[in-house]
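J.: Coordinates only, no sequence provided:
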């Protein structure tokens, strides 16, 4: 898997478009939910790609890769 900087930024910015976590930035989704979604089958398109990447990041403890983008997102919002 080739992770691009833009993909990490998208994980920090993109929000879950439906369900219990609607409106939650993808990076903030609970690990258990991401694993469940992965096991049930990811949706197609951009959301599915981002959730697949998020799954790999979360199960491998790589959330620190997204922190700089998450922090910059917060500073823009404040």
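T.: Cool, the structure landed. Keep in mind it's a predicted model, so treat the numbers as computed, not measured. Residues are numbered from 1 along each chain as shown.

J.: how far is stretch 6-25 from where the chain is centred?
T.: For stretch 6-25, the separation from the chain centroid amounts to 6 Å (computed by Cα atoms, centre = their mean, to the nearest Å).

J.: Can you give me the end-to-end span of it?
T.: Length of stretch 6-25, first residue to last, Cα to Cα, to the nearest Å: 15 Å.

J.: which residues are in contact with that stretch?
T.: Stretch 6-25 is contacted from outside by 26-27, 29-30, 33, 46-47, 50, 53-54, 57, 65-66, 69-70, 72-73, using Cβ atoms under 8 Å, 6 or more residues apart in numbering. Any C-beta I mention is one placed from the backbone N, CA and C, and that applies to glycine too.

J.: Apply 7 Å and report the result again.
T.: The contact list for stretch 6-25 (Cβ atoms under 7 Å, 6 or more residues apart in numbering) reads 26-27, 29, 33, 47, 50, 53-54, 65-66, 69-70, 73.

J.: got those residues as JSON lines, with secondary structure columns?
T.: Shown next, in JSON lines, are these (DSSP: H, G, I helix; E, B strand; the rest coil):
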{"residue": "26", "secondary structure": "helix"}
{"residue": "27", "secondary structure": "helix"}
{"residue": "29", "secondary structure": "coil"}
{"residue": "33", "secondary structure": "helix"}
{"residue": "47", "secondary structure": "helix"}
{"residue": "50", "secondary structure": "helix"}
{"residue": "53", "secondary structure": "helix"}
{"residue": "54", "secondary structure": "helix"}
{"residue": "65", "secondary structure": "helix"}
{"residue": "66", "secondary structure": "coil"}
{"residue": "69", "secondary structure": "helix"}
{"residue": "70", "secondary structure": "helix"}
{"residue": "73", "secondary structure": "helix"}
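
J.: Reformat these into CSV and put distance to residue 17, neighbour count and pLDDT next to each item.
T.: Shown next, in CSV, are these (distance: Cβ to Cβ, whole Å; neighbours: other Cβ atoms under 10 Å; pLDDT from 0 to 100):
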residue, distance to residue 17, neighbour count, pLDDT
26, 10, 21, 94
27, 15, 23, 92
29, 12, 20, 95
33, 14, 16, 95
47, 7, 15, 95
50, 11, 19, 95
53, 16, 20, 95
54, 14, 24, 96
65, 23, 15, 86
66, 19, 25, 86
69, 19, 19, 81
70, 19, 18, 78
73, 17, 16, 55
